[in-house]
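> Below is the structure, and that's it, no one-letter string:
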């Protein structure tokens with residue numbers, strides 16, 4: 001056995017990832033000895049009676065994976081990750097069976113046990129490795145607002161991008177953009193990323209459910225969100241168009257509406 005081998009820490013990134021707490025936890029472990037990190041992001045379970053496309057669920061989980069990998073301290077030289085099937089418990093047990101980690105850190109809320117008892121202790125016994133849960137009661141970020149933007153189509157419009165540039169100047173933000181679309185071809189995602197890059201915005205983007213309201217609800221289930229910006233475009237079919245008031249009632253979060261067609265009229 002190589003006593004100098006790096007300890008393998010698996011991070012299960014659920015719906016609540018406290019960025020500061022996770023970074024601190026990994027830094028402490030790295031200071032105690034060399035570690036390598038694998039981040040596992042389980043896809044979210046459909047909720048609220050809506051049909052959620054499998055592709056959009058996996059794209060949202062990939063965006064969450066990118067966000068969590070950004071949190072891993074630079075002092076940790078080896079870090080990677082992948083998207084897994086739904087459920088934190090399944091993600092933990094599958095990762096332990098496949099990766100044989102030395103420790104597991106769970107970011108998120110563990111499901112309650114049907115007959116009570118400490119869910120974390122029970123899961124640790126099942127996994128057979130030390131397990132730490134963070135993020136059940138804490139906020140994912142401190143001093144940084146998590147902003148969800150919902151575009152009006154597969155590529156963010158100019159009005160939405162302009163609003164996000166202004167929002168990023170007001171205070172520190174972590175921006176995720178959901179792009180509602182029927183298809184999930186890589187070319188669509190490349191086009192969305194190119195638009196964000198050309199606009200000079202730092203954001204993670206993914207292709208979401210074609211109904212903008214469902215896309216917003218799904219994103220709130222996927223990750224912590226402090227505020228929402230939605231693009232409303234009259235050219236979008238009514239049944240798929242964002243309804244800011246409805247999203248506010250459904251999520252309980254502040255929603256800022258941006259009207260893409262107004263920018264077109266001003267440019268005419």
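The structure has been received and is ready for your questions. No experiment lies behind these values; they were computed from the predicted model shown.
> List the buried residues in the helix or strand hosting residue 91.
In the assignment (DSSP states H and E), residue 91 maps to helix 88-99. Using 16 or more other CB atoms under 10 Å as the test for burial, helix 88-99 gives 88, 89, 91, 92, 93, 95, 96. (C-beta placed from N, C-alpha, C; glycine too.)
> After that helix, which helix or strand is next?
Assigned by DSSP H and E, the successor of helix 88-99 is strand 103-107.
> Show me what that following strand is in contact with.
By CB atoms under 8 Å, 6 or more residues apart in numbering, the residues outside strand 103-107 that reach it are 7-14, 16-18, 22, 25-26, 29, 68, 88, 92, 95-96, 120, 123, 127, 129-135.
> hmm, back to that, average pLDDT for the helix holding residue 91?
Helix 88-99 shows a mean pLDDT of 93.
> the inter-axis angle of it versus strand 103-107?
150 degrees (axes from the mean of the first three to the mean of the last three CA atoms, to 10 degrees).
> Tell me how far helix 88-99 lies from the chain's centre.
Here helix 88-99 is found 20 Å from its chain centre; the criterion is CA atoms, centre = their mean, to the nearest Å.
> where along this structure do the strands fall?
Assigned by DSSP state E, the strands in the chain fall at 7-13, 35-42, 79-84, 103-107, 131-134, 145-150, 173-180, 203-208, 227-232, 255-259.
> Residue 246 against residue 213, yeah?
Yes. Taking contacts as CB atoms under 8 Å, residue 246 lies within contact range of residue 213: 6.0 Å.
> So which of these two has more stuff around it?
Higher neighbour count among residue 246 and residue 213: residue 213, with 22 against 13, using other CB atoms under 10 Å.
> Roughly how far does that one sit from residue 107?
Per CB to CB, to the nearest Å, residue 213 is found 27 Å from residue 107.
> just checking, residue 233 touches residue 155?
No. Here residue 233 does not reach residue 155: they are 11.3 Å apart, not a contact under CB under 8 Å.
> So, low pLDDT: which residues of this protein?
1-4, 46-54, 111-117, 136-143, 262-268 (pLDDT under 70).
> domain assignment for it?
Domain ranges of the chain: 7-134, 145-267, per automatic domain parsing.
> Quick one: residues contacting residue 93.
When contacts are taken as CB under 8 Å, 6+ apart, residue 93 is in contact with 126, 127.
> Could you give the bridge partners of residue 180?
residue 208 (DSSP bridges).
> Quick check: it vs residue 156, distance?
11 Å.
> what's across from residue 81 in the sheet?
residue 39.
> That one: neighbouring residues, count only.
Neighbour tally, residue 81, other CB under 10 Å: 20.
> How about the one 3 residues further on?
Around residue 84 sit 21 other residues, with neighbours defined as other CB under 10 Å.
> Isn't it up against residue 43?
Yes. Applying CB under 8 Å as the test, residue 84 and residue 43 come out as touching, 7.3 Å apart.
> which residues do residue 246 and residue 213 both contact?
Shared contacts of residue 246 and residue 213, defined by CB under 8 Å, 6+ apart, are absent.
> How about residue 163, nearest residue that isn't a chain neighbour?
Spatial nearest neighbour of residue 163, excluding adjacent residues (CB to CB, 6 or more residues apart in numbering): residue 258 at 4.8 Å.
> At the geometric centre of this structure, which residue do we find?
For the chain, residue 64 is the residue whose C-alpha lies nearest the centre (CA atoms, centre = their mean; 2.9 Å).
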